[in-house]
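[1] What follows is a predicted structure for the sequence shown.
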Amino acid sequence: METIELSIDESLLAEVQQATSALQMTPSDFMKVALERALQQREIIAKERQDAQGYSDHPQQPEEIEEWQSEQDWGQG
């Protein structure tokens, strides 16, 4: 097992400390679980980034959105 150094901002560290306390975990164990779950989700993360890049490169045009307006009836009114 290797030891790594990690820099995170103070607000994220505070959240980690709250979570580890509530879950009765060490910060190290919490980070291990978080990293394992991120690795399990890497395909989804990659696809989300690809989608975001696609929309950034080719934003939706108003006519594409208008086509679906009638589908957004939530029964209000």
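    Looks like it arrived, so ask away.

[2] all helices in the protein, in order from the N-terminus.
    10-23, 27-40, 42-57, 62-66 (DSSP state H).

[3] And those helices: which comes nearest Glu2?
    Among the helices of the chain, the nearest to Glu2 by Cβ to Cβ is helix 27-40 (12.0 Å). C-beta here means a position set from N, CA and C on the backbone, and glycine is covered the same way.

[4] between that closest one and helix 10-23, how big is the angle?
    100 degrees (axes from the mean of the first three to the mean of the last three Cα atoms, to 10 degrees).

[5] What angle do helix 42-57 and helix 27-40 make with each other?
    Using the same axes, to 10 degrees: helix 27-40 against helix 42-57 is 70 degrees.

[6] so how far is helix 27-40 off the chain centroid?
    14 Å (Cα atoms, centre = their mean, to the nearest Å).

[7] just use 8 as the starting number from now, easier for me
    Yes, from this point I'll number from 8; that puts the last item at helix 34-47.

[8] Pick out the shakiest of the helices of the chain, pLDDT-wise.
    Confidence, taken as mean pLDDT, is least for helix 69-73 of those (a mean of 81).

[9] CA-only coordinates of it in CSV, if you can.
    What follows is helix 69-73 as a C-alpha-only set of coordinates in CSV (Å, rounded to 0.1, in the frame of the first residue of the first chain):
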residue,chain,number,x,y,z
PRO,A,69,-34.2,26.9,-30.7
GLU,A,70,-36.0,24.8,-33.4
GLU,A,71,-34.7,21.6,-31.7
ILE,A,72,-36.1,22.7,-28.4
GLU,A,73,-39.4,23.8,-29.8
